[in-house]
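Chemist: Next input, structure requested:
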Amino acid sequence: MATRKSGSEFIKYITDIIKNSKGFERLLEKVKITGGGEGKCTAEFTVAAEHLNRAGGLHGGFTATLVDMVTTYALMSKPCHPGVSVNINVNYLKPAREGDDVIIDASLLRAGKKLAFLECELRHKKDNSLIAKGGHTKFVDFQ
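Modeler: This is a model prediction of the structure:
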């Protein structure tokens, strides 16, 4: 599942994975992959009703899913197994509401022989304010 694709080839590759998924990844159908390659992945989406918690803000579980999946896509842009999660953490800093446009920026910090370390930020498109910041550690040694 790893790829060395970048730019438009990477966008199409990841978009096809989401579009053709019959599993959990279908939750990302409204998330548009906008760039990636070389350990990075960027995406954006507009917060819709199905993304909200009972208080009307972006659901924390959906935010954690975005951190999980978009960092995994960043890892997949390198010649490396997509791995399995060892740890995911998310700091929730500011709410996002229905109709807000959100930018997601994920990057690979380091990939060793056994572990990969990634980070992700979700920001408001209108003012670049930070909504959430996450970290993701993945086990990647499947030899």
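Chemist: Would you mark the buried spots in the helix or strand bottoming out on mean pLDDT in the chain?
Modeler: In the chain, no helix or strand scores lower on mean pLDDT, DSSP states H and E than helix 7-20, which sits at a mean of 86. Across helix 7-20, burial judged by 16 or more other C-beta atoms under 10 Å covers Phe10, Ile11, Tyr13, Ile14, Thr15, Ile17, Ile18. For every residue, glycine as well, the C-beta is placed using N, CA and C.
Chemist: Not counting its own residues, what contacts that helix?
Modeler: 3, 5, 25-26, 28-29, 31-37, 41, 73, 76-77 (C-beta atoms under 8 Å, 6 or more residues apart in numbering).
Chemist: which residues does Phe139 contact?
Modeler: With C-beta under 8 Å, 6+ apart, Phe139 has these contacts: Gly83, Val84, Ser85, Val86, Lys114, Leu115.
Chemist: and the two most separated of those residues?
Modeler: Longest distance between any two of the contacts of Phe139 is 13.7 Å, between Ser85 and Lys114; criterion C-beta to C-beta.
Chemist: Is the residue nearest to Gly39 when sequence neighbours are not counted in a helix, a strand, or coil?
Modeler: Once flanking residues are discounted, Gly39 sits nearest to Leu108: 3.4 Å by C-beta to C-beta, 6 or more residues apart in numbering. Three-state call for Leu108 (DSSP: H, G, I helix; E, B strand; the rest coil): strand.
Chemist: And Leu108, what's its pLDDT?
Modeler: Confidence at Leu108, expressed as pLDDT, is 97.
Chemist: Run a quick neighbour tally on it.
Modeler: 22 (other C-beta atoms under 10 Å).
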